[in-house]
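Enquirer: Turn this into a structure:
(2 chains)
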Amino acid sequence: MSTAATSLQKPKPTGFKKILHDIWASRWLQLLILPGLIYFFIFKYIPIYGVQIAFKDYKLRDGITGSAWVGLKHFKAFFTGPNAYKVIRNTLLLNFYNLLFGFPLPILFALLLNEVKQVFFKKFVQTVSYLPHFISLAAVIGMLNMFVSPSIGIVNKAITFFGGEPIAFMMEPGWFRTLYVISGIWTGLGWGAIIYIAGLSAVDQGLYEAAAIDGANRFHLMFHISLPSIMGTVVVMFILRVGSMMSVGSEKVLLMYNNMTYETADVISTFVYRRGLEQNDYSFSTAVEMFNSVVNIIFLWVANSLSRKFTESSLW
Amino acid sequence: MIADKSTSSKVMDIIVYTTMIIVLVVTLYPVLYVVSSSLSSANANDRGLVTIFPVEFNIDAYKGIFQMPTLTRAFRNSVIITAGGTAINMLFTTTYAYALSRKRLALRGIYTIIAMIPMYFSGGLIPSFLLISQTLHLYNSWWALVLPGAINTSNMIIMRSFFVSLPAELEESAYLDGANDFVIFWKIMLPLSQAVMMTVGLYYLVSHWNSWFSAMVYLNDEAKMPLQFMLRQIVLLSANLEQAALDGEAITGSSIYFTNYVAVKYATLVFSMAPMLMIYPFIQKFFVKGVMIGSVKG
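Expert: From the prediction side, this is the model:
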C-alpha cells in the first residue's frame, strides 16, 4: 500500500505505478467487485483448471494434480467406442429438427399477432403465450407424459377412438425427437416471439399507409414491410442457433428419456452425465465434454464470423 | 392499421384470428386439463372421463398431498432455496455489475473478460462436481444449489447496462460530499434501480423455483429435496404404477396415493406450478424488459 500511497503524490505516475495508483483511487469499487471476482475464480476458473483430468486417469485419492497423465487415451476410447457416432448424430439431429420447426414458428406468430387490431385481445394472447415459459421443465415433461400415456392419455384416446392401436409414445425411440420438438415449441413459442414483436412495433406506421395508398393489400404489407423490418433480427437469431448446433442441454432429455429410447434420445450431455456421475468415469466423461465444448466454440466462432460478414451485428 | 374491406383483408383476418385461437387453446388446454384432473375422482381419471372440466369434483388429492410430509417439506425447502438463492444472486450480481459500470474502476477491461470467458468456455459438469463435492465438501448441502450460479453473466450485463445509464452527476455530488462508493452504491444507486433489480431478481427467482437438476446431482437426502425434484419422482413412480396396472399387477396400498395416483400426480403438478402461474401475469413485463435490454447488448 505504501507504494500506492506515495504514488498518489506524484503528478503523473506511469506504467505499473499508474496501475497501482488507479487501483488505490478506485479502492472502494475494487472492494465492491471482490466478492464476484472470488466467485468467478472458485466456481468458474478452478473447474477450467480441472479440465486437465481429460488427459489423466483421475483418482479421487491422487486428486487432479497428482493423477497420472495418459495423453489422448480417453478421447481415443470415445471415438473408437460404440457411442460416439450415436450421441453426436442424436445431438445434431435434435438441434436440426428444433431449428427446422422451432425457429420459424415464433416469427410467424409475431407476424400474425402484429395483424391483430384489438389492443386488449393482442395483449391477452401475448400474455397467455408467455405462460409455458414460467412452468418448470419437470412439470412440462410430467404433463407430456400424461398426455401421451397409453392408458389414460388424451392422444391415445383419440387414436383408439378412430380405431387405431394405442402407442406407448415415451417408450418408442421413433417418437422421441417429435415429442422433444413439439414440447419445445409449446414452451418457447410466445417467449421466442418477444424480440420479433418488439421489432414489429417499432416499424414506422407511415410505411404501411403509404404502401396501402399505392394499392398494397395486407399480405403485401406483411411480406414487403413487416417481414423485411425484422429480417436483421431473424438472421442474427438464426446464426446464433446454428452456432449452438452441437449443444443440447441435458436437463430436458434426462427428464424425457429412458433406456428404451437411448437409440434416438441419448445426446452428448446425457452420455456425459451417465458415464460421469452414475458410473463415476470422471476422466472419460470430462474428455467427451471437452471435445463437445471445443466443437461448440468452433461452431460459435464460425457463426459469429458469418454474422459479422453478412449482418451488422455480432457477439464480439 | 388500415381498415379496408377487401377480400384479402378478410382472408387475413380469418388466418390471424384462427391462429390466435389455436395458440390460446393449445397453450391453455394442457394446464386446464391438469387442474381438472387433479379435482376429479379416481373413477373418472381411470376411465378417462375428464376432457375439460372436473368430473365428480373433489379435493381429496390435495388433502392427500398436504398430508404427505415429503411434499409439504419439499415445498418449504423450495421456498428457502429460492429466497436464499435469489438473495445471494442479487448480492453478487449487483456489486459486480455496479463496479463494472463505473469508468473509474481500474482493471475494468480485465474484470469484464473474467466475467465473459465462462460464458463460452466452462469446466463443465464433472470438474464442477469434483470441486463442489470433493474440494468444497458441499455435497448434500443447499449451498451446492445456490453458490455455483451466484452470478449469471447475462443478468449481470443487463444490470451493468442499466447502471451505465444512471447520470454521473448524482455520483459526483455525493462524492464531493465525502461519500465513498459503498455509500453511493447502497444509498443512491440501488434505490434508483428498482426496475432492473426487479427484472433480474425475478429471472433468478423463477429459475431457482423451477430447477431440479442441481438437486439431483448434489443432494441425496430426501428431507432436503426441493419440490421440482419430488415432482419428478412422483411422475416416475406414477408411470411405474400405471405400467403395473397395464400389466395386470395388483396395486397395493390404501392411501390416496395408490387409490387415485393420477389425481395425486396432477395435484403435485399444480402445486409446483401454482406459485409461478399466479405471479407471472404481473411479473412478465419485467421479463420482457430484460429480453429487450439483453438483446440490445447482445
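Enquirer: what domains does the record give for chain A?
Expert: Following automatic domain parsing, one gets these domains for chain A: A:2-69, A:73-310.
Enquirer: Redo those as TSV? Include mean pLDDT.
Expert: Below are those laid out as TSV (pLDDT from 0 to 100):
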stretch	mean pLDDT
domain A:2-69	85
domain A:73-310	92
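Enquirer: before we move on, could you check phi and psi at the closest residue to A:I141 other than its chain neighbours?
Expert: For A:I141, ignoring the flanking residues on the chain, the nearest one in space by CB to CB, 6 or more residues apart in numbering or on different chains is A:L255 at 4.2 Å. Heads up, the C-betas are built off the backbone N, CA and C, glycines and all. Main-chain torsions, A:L255, degrees, to the nearest 10: phi -70, psi -30.
Enquirer: thought A:L255 was touching A:A138?
Expert: Yes: using CB atoms under 8 Å, A:L255 is in contact with A:A138, at 6.2 Å.
Enquirer: Report the set of residues contacting both of the two.
Expert: B:R232 (CB atoms under 8 Å, 6 or more residues apart in numbering or on different chains).
Enquirer: Tell me which of those two has more neighbours.
Expert: Taking other CB atoms under 10 Å in any protein chain shown, A:L255 and A:A138 do not tie; A:A138 has more neighbours (29 against 23).
Enquirer: I'd like the distance between the more buried one and A:V302.
Expert: In this view, A:A138 and A:V302 are 35 Å apart by CB to CB, to the nearest Å.
Enquirer: got it, and B:L166?
Expert: On the measure of CB to CB, B:L166 and A:V302 end up 38 Å apart.
Enquirer: what residue ranges in chain B score low on pLDDT?
Expert: Chain B contains residues with pLDDT under 70 at B:1-5, B:243, B:245-259, B:294-298.
Enquirer: Residue of it nearest chain A, please.
Expert: For chain B and chain A, the shortest gap (CB to the nearest CB) falls at B:G123, measuring 2.5 Å.
Enquirer: Next, count neighbours for the residue nearest to that residue when sequence neighbours are not counted.
Expert: Counting by CB to CB, 6+ apart, B:G123 lies nearest to A:P47, which is 2.5 Å off, once chain neighbours are set aside. Neighbourhood size, A:P47 [other CB under 10 Å]: 23.
Enquirer: A:P47 contacts B:P127, correct?
Expert: Yes: assessed by CB under 8 Å, A:P47 is found in contact with B:P127 at 3.9 Å.
Enquirer: Give me the distance between the closest residue to chain B within chain A and B:V200.
Expert: Nearest to chain B in chain A, going by CB to the nearest CB, is A:P47, at a distance of 2.5 Å. Distance, A:P47 to B:V200, by CB to CB: 24 Å.
Enquirer: If you drop the residues flanking it in sequence, what lies closest to B:V35?
Expert: Nearest non-adjacent residue to B:V35 (CB to CB, 6+ apart): B:V270, at 5.7 Å.
Enquirer: In stretch A:283-291, which residues are buried?
Expert: A:283-291 (16 or more other CB atoms under 10 Å in any protein chain shown).
Enquirer: Stretch B:63-79 too?
Expert: Using 16+ other CB under 10 Å as the test for burial, stretch B:63-79 gives B:64-65, B:68, B:71, B:73-75, B:77-78.
Enquirer: So what touches stretch B:12-32?
Expert: Under CB under 8 Å, 6+ apart, the answer for stretch B:12-32 is A:109, A:112-113, A:115-116, A:121, A:125, A:128-129, A:131-132, A:135, A:143, A:147, A:186, A:189-190, A:217-219, A:222, B:52, B:273, B:277.
Enquirer: Could I get the full set of helices for the stretch 51-200 of chain A?
Expert: A:63-66, A:73-80, A:84-97, A:104-113, A:119-130, A:137-147, A:154-161, A:173-201 (DSSP state H, counting those that start in this stretch).
Enquirer: correction: the stretch 151-298 of chain B
Expert: Going by DSSP H, counting those that start in this stretch, the stretch 151-298 of chain B shows helices at B:153-165, B:168-176, B:181-183, B:194-210, B:213-218, B:227-246, B:256-259, B:261-297.
Enquirer: Okay, angle between the longest one and helix A:119-130 too, please.
Expert: If I follow you right, that is helix B:261-297. 110 degrees (axes from the mean of the first three to the mean of the last three CA atoms, to 10 degrees).
Enquirer: The first one now?
Expert: An angle of 140 degrees separates the directions of helix B:153-165 and helix A:119-130 when computed by the same axes, to 10 degrees.
Enquirer: so which two of the buried residues of stretch A:283-291 are the farthest from each other?
Expert: The span of those, defined through CB to CB, is set by A:S283 and A:F291 at 12.8 Å.
Enquirer: so who does A:A84 touch?
Expert: The neighbours of A:A84, taking CB under 8 Å, 6+ apart as the test, are A:F78.
Enquirer: Against A:I213, how distant is it?
Expert: From A:A84 to A:I213 the distance is 61 Å (CB to CB).
Enquirer: again, but for B:L49
Expert: B:L49 is 57 Å from A:I213, by CB to CB.
Enquirer: what about the two, which has more around it?
Expert: Neighbour tally, B:L49 and A:I213, criterion other CB under 10 Å: the higher count belongs to B:L49, 13 against 9.
Enquirer: Might one say that the more buried one is in contact with B:V55?
Expert: Yes: at 4.7 Å, B:L49 and B:V55 qualify as touching, with contact defined as CB under 8 Å.
Enquirer: Next, count neighbours for B:V164.
Expert: Other residues lying near B:V164 total 14 when counted by other CB under 10 Å.
Enquirer: List the contacts of the residue lying closest to it once chain neighbours are set aside.
Expert: In this structure, B:V164 finds its nearest non-sequential neighbour in B:S101, 4.7 Å apart by CB to CB, 6+ apart. Contacts for B:S101 (CB under 8 Å, 6+ apart) come out as B:159-160, B:163-164, B:166.
Enquirer: Filter those down to the buried ones.
Expert: Applying 16+ other CB under 10 Å to those flags B:159-160, B:163 as buried.
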